[in-house]
Structures are given as C-alpha cells and as structure tokens.
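Visitor: Please find the sequence and the predicted model below.
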Amino acid sequence: MDLLNTLVDKGIRRELPTRDEALAVLATSDDELLDVVAAAGRVRRQWFGRRVKLNYLVNLKSGLCPEDCSYCSQRLGSEAGILKYTWLKPDQASQAAAAGLAGGAKRVCLVASGRGPTDRDVDRVSDTIKAIKDGNEGVEVCACLGLLSDGQAERLREAGADAYNHNLNTSEATYGDITTTHTYADRVDTVRKAHAAGLSACSGLIAGMGESDEDLVDVVYALRELDPDSVPVNFLIPFEGTPLAKEWNLTPQRCLRILAMVRFVCPDAEVRIAGGREVHLRTMQPLALHLANSIFLGDYLTSEGQAGKADLDMIADAGFEVEGAGEVTLPEHRAAAHGGCHGHAETGTEAGGGSGCGGHGGGGCGPCGQGAGEAVAQEPVREASRGSEARTDLVAVRRRGAGTDLAPNA
Ligand code: SF4
C-alpha cells in the first residue's frame, strides 16, 4: 500500500505526513488494519525498539473541581460516586508511588484536580516530589496540576520535577463544546510554560467525545507543533452521570487507527495509551503495544484498570519488554534536547517548528482515567449524541489505592 510505505519512510525521517495522509489512516478498512498496525509498528520500533515504559498515577487530590470539563468525573457539580479527598500528605503520596515503582513503573505522575495550583499547592507538591525522589533513586516525576501561573513551572522544576502534563484534549474548534470554564489557548499556554521552564512537556488528547476525523487530526497536528516529549492518548471513559455517559463511539479497531495516526504524526514522541485502554481496546490491547511505547500500570485517577500483573503479563506475552529504570526512554536527539522534537524544523515539516508534541494523560486535568463528570446543577456542556446506554459493566470507579485504606493496584 503506497500510503503506508510513504508513512513509514516519513516516520523514520521524522517528517510530518500531510493531513490527507493522516486522515487516510483513520479511514482505512478493517481488511487493511493489520497492515496499518505493522507499518506504524515499524516506526515505533525505529525510535523505541520493543520497550514499554510503565507510568504510575497518584491522584493527590480527587474530585471537588470548580471547572466543567464534560468528560471528567471530578468536575463542578459531579455526583459520580468517585473518591473525593483533599491533598495527600507527602508520605502518603510517596507510599502510593512506591507501590507503582515496585511493580515496574519508572515514572510517577502526580495529579491533582482543580483549575490550577496556588503557590501553596506548589509548595505541597514540591515537598511530595522531594519525598518521592529521596526514596527512589532515578525515578522520573511528572506533575499534572492544571493551568500554571508565571513562575510555577520553574518552581516545580527546581523541586525536582522532570515533566509536566497538560493535555490539549481536543481540537481548538471543538474545545468550547467540551469545556466552558477555560479555553484551548489557556491549555496551550501552560504546555508552553512547562516547556520554557525546562520541564519535559507531556500533552495529549481524548478520543471518543463525538469528534470528527478532522478534529482528531487537528489536535494531533497541534500537538506536533507544541512538540511535547510524550503524548498520552486517552479513549473516553463514559462515566455514568456525566454529560458524555452515552458516547460509546469507539471500537478496538478505531482505537488502533487513532494510535497509528498519532505514531505517524509524532513518530519519535513517547506515545502513551492512557485512560480507556481496557474499556475500549479490550482483548486487542496487545496489538496496541505495536503502536504506543508507554502505558499506565494499574489503576487510573478515578477508575480502575486491569490488575498490574495482567499489564506485565500482556507485555511479556506480546513479545515486548518493560523499560528499565536505567534506560533512556526518548531517542538520543530528543533526550538531549530535554523537551522538544527539535529535529522537526530541520526535516522540513510543515507544522513542526519549534517545540514538540508532548503531554501525559491525566485525570485531574487530563486524560488518564477521566473522572466521571455529572451534569448536575448546570447545563451539560455537550449532550450525548450517539452510542447506546451507560455501561457500568465496563467502567469501575476506583475504590483502592491513594485516598483509601486498601492497597494500590500495581
Ligand atoms: S479535567 Fe481537570 S480541570 Fe477539568 S474538571 Fe477534571 S479535574 Fe477539573
């Protein structure tokens, strides 16, 4: 297939595909799907071999958010039955992180619900970062605290944070349909602040919110232009009670095409399968490892994932290997830059000028394990337009780990 040969060549050269090529990946038939996976898998192996990076989420503060992101269980007015608690203490967070690290994770993602941190919150998180770093040599720490004010990214960097996650989530054109309390531009600004402070930027998307193929391509091209080091791809978890509860639009095949498209557009970025992996890919999860080089181990922010051991078994059974703490995740050119696909400009890409495509899926303000959002006491931002009924059989609210007395799943 000429399209796939072209995309492989471009991916290996870090050259941006055309929009029509990216759209064509999303439009491939089921008969072509394994060829698409094999082609994107060649690009994945070029930059990341057969390694799978494991990341572990610690939800520092759950629920009670004043923002109205329609995909999120932690949003204003949510009546979803999620765990609600305020800031974990540094030793509590460190204990939760230790479980993930013992399970094989090399990055800990510290996420807090809310519009953005106060300076006092940055102090709290700085203490937590230090506690985790002091107890675990070589661990990477990513913070995901929402919109950043001037100087906060620098303070997190000084405290030892390696990365900052803030997802674009969806295209600029549809952003106002998903959230009204902040803007797409606000999100772009925070990714840029993180990058400018020397943090490795992590920024991604949520698929399955009723967007078009063009919207998906728009947000992935916008990410490529921002050039984050990591790109979490979330598949909407339609929590019962949220405005998007009936948005069951995704199939495993659709998820694989989306991951392949992201790999072709951001070939050398850490592409992470974030929230919704188990719910939407289901038995096709192992195929997705040929496309993404990173996953979350265990549970998400407000929902439960499959058992951590099942994640490890899946990686081994599919012929991949867990990336070790001493291994560098990013390709040499990107790791050296610490935060940018700087090669893009040199390779004549149309959108890849400066600074990269990165992000990590977060639940609080990002995607991983989006909390269930509830449409209570306010107009739903977006009515469910398709899909069937809420699927409580597929979506389990997190009841263990951080914020509970039960052991974490790792
Ligand atoms: S995604 Fe973040 S900002 Fe939006 S409602 Fe959820 S916790 Fe709040």
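Guide: Thanks, I have the structure now. Residues are numbered from 1 along each chain as shown.

Visitor: how about the strands in the stretch 51-200 of the chain?
Guide: Counting by DSSP state E, counting those that start in this stretch, residue ranges of the strands within the stretch 51-200 of the chain are 51-61, 107-112, 140-144, 163-165, 200-202.

Visitor: So which of these is the most surrounded?
Guide: Each of the strands of the stretch 51-200 of the chain was assessed for mean neighbour count using mean count of other Cβ atoms under 10 Å. The highest is strand 200-202, with a mean of 33. C-beta: built from backbone N, CA, C; applies to glycine.

Visitor: related to what we said a few turns ago, got JSON lines for the strands of the stretch 51-200 of the chain, with mean pLDDT and distance to the ligand too?
Guide: As requested, the strands of the stretch 51-200 of the chain are arranged in JSON lines below (pLDDT from 0 to 100; distance: least, Cβ to the nearest ligand atom, whole Å):
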{"stretch": "strand 51-61", "mean pLDDT": "98", "distance to the ligand": "9"}
{"stretch": "strand 107-112", "mean pLDDT": "98", "distance to the ligand": "8"}
{"stretch": "strand 140-144", "mean pLDDT": "98", "distance to the ligand": "9"}
{"stretch": "strand 163-165", "mean pLDDT": "98", "distance to the ligand": "11"}
{"stretch": "strand 200-202", "mean pLDDT": "98", "distance to the ligand": "15"}
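
Visitor: Out of those strands, which is closest to Asp150?
Guide: Evaluated with Cβ to Cβ, the strands of the stretch 51-200 of the chain place strand 163-165 nearest to Asp150, the distance being 14.2 Å.

Visitor: now the closest one, how far from the chain's geometric center?
Guide: A distance of 11 Å separates the centroid of the chain from that of strand 163-165, by Cα atoms, centre = their mean, to the nearest Å.

Visitor: in the protein, which helix or strand is least confident?
Guide: The weakest-scoring helix or strand in the chain, judged by mean pLDDT, DSSP states H and E, is helix 343-346 (a mean of 32).

Visitor: quick revisit: how about the strands of the stretch 51-200 of the chain, which one is nearest Val322?
Guide: Of all those, it is strand 51-61 that lies closest to Val322, at 5.8 Å by Cβ to Cβ.

Visitor: Adjacent strands (with direction) for the closest one?
Guide: strand 107-112 (parallel), strand 294-296 (parallel), strand 321-322 (parallel) (DSSP bridges).

Visitor: okay, the closest residue in space to Leu259 that isn't next to it in sequence: pLDDT?
Guide: Here the nearest residue to Leu259 in space, its sequence neighbours aside, is Leu291; by Cβ to Cβ, 6 or more residues apart in numbering that works out to 4.0 Å. Leu291 is assigned a predicted lDDT (pLDDT) of 98.

Visitor: Leu291: which element?
Guide: Secondary structure assigned from DSSP states H and E places Leu291 in neither a helix nor a strand.

Visitor: and Leu23, how many neighbours?
Guide: Each residue near Leu23 was counted by other Cβ atoms under 10 Å, and the total is 16.

Visitor: let me fix that: Asp2
Guide: So Asp2, with other Cβ under 10 Å, has 6 neighbours.

Visitor: who in the stretch 51-200 of the chain is up against the ligand?
Guide: 65, 67, 69, 72, 74-75, 113, 115, 146 (Cβ under 6 Å from any ligand atom).

Visitor: tell me which of these is nearest to Gly275?
Guide: Among these, and counting by Cβ to Cβ, the member closest to Gly275 is Cys72, at 10.5 Å.

Visitor: so that closest one makes contact with Gly241?
Guide: No - here Cys72 lies out of contact with Gly241, judged by Cβ atoms under 8 Å, at a distance of 11.5 Å.

Visitor: neighbour-wise, which of those two wins?
Guide: Summary of the neighbour comparison: Cys72 and Gly241, criterion other Cβ under 10 Å, with Cys72 having more neighbours (37 against 18).

Visitor: circling back: out of the strands paired with strand 51-61, the one nearest Glu140 is which?
Guide: strand 107-112 (4.1 Å).

Visitor: Could you export that closest one as PDB, CA atoms only?
Guide: Extracted as PDB, the C-alpha positions of strand 107-112 are listed here (Å, rounded to 0.1, in the frame of the first residue of the first chain):
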ATOM      1  CA  ARG A 107       7.700   7.400  36.100                       C
ATOM      2  CA  VAL A 108       5.300   8.600  38.800                       C
ATOM      3  CA  CYS A 109       2.600  11.000  37.600                       C
ATOM      4  CA  LEU A 110       1.300  13.300  40.400                       C
ATOM      5  CA  VAL A 111      -2.100  14.600  39.500                       C
ATOM      6  CA  ALA A 112      -4.400  17.000  41.300                       C
END
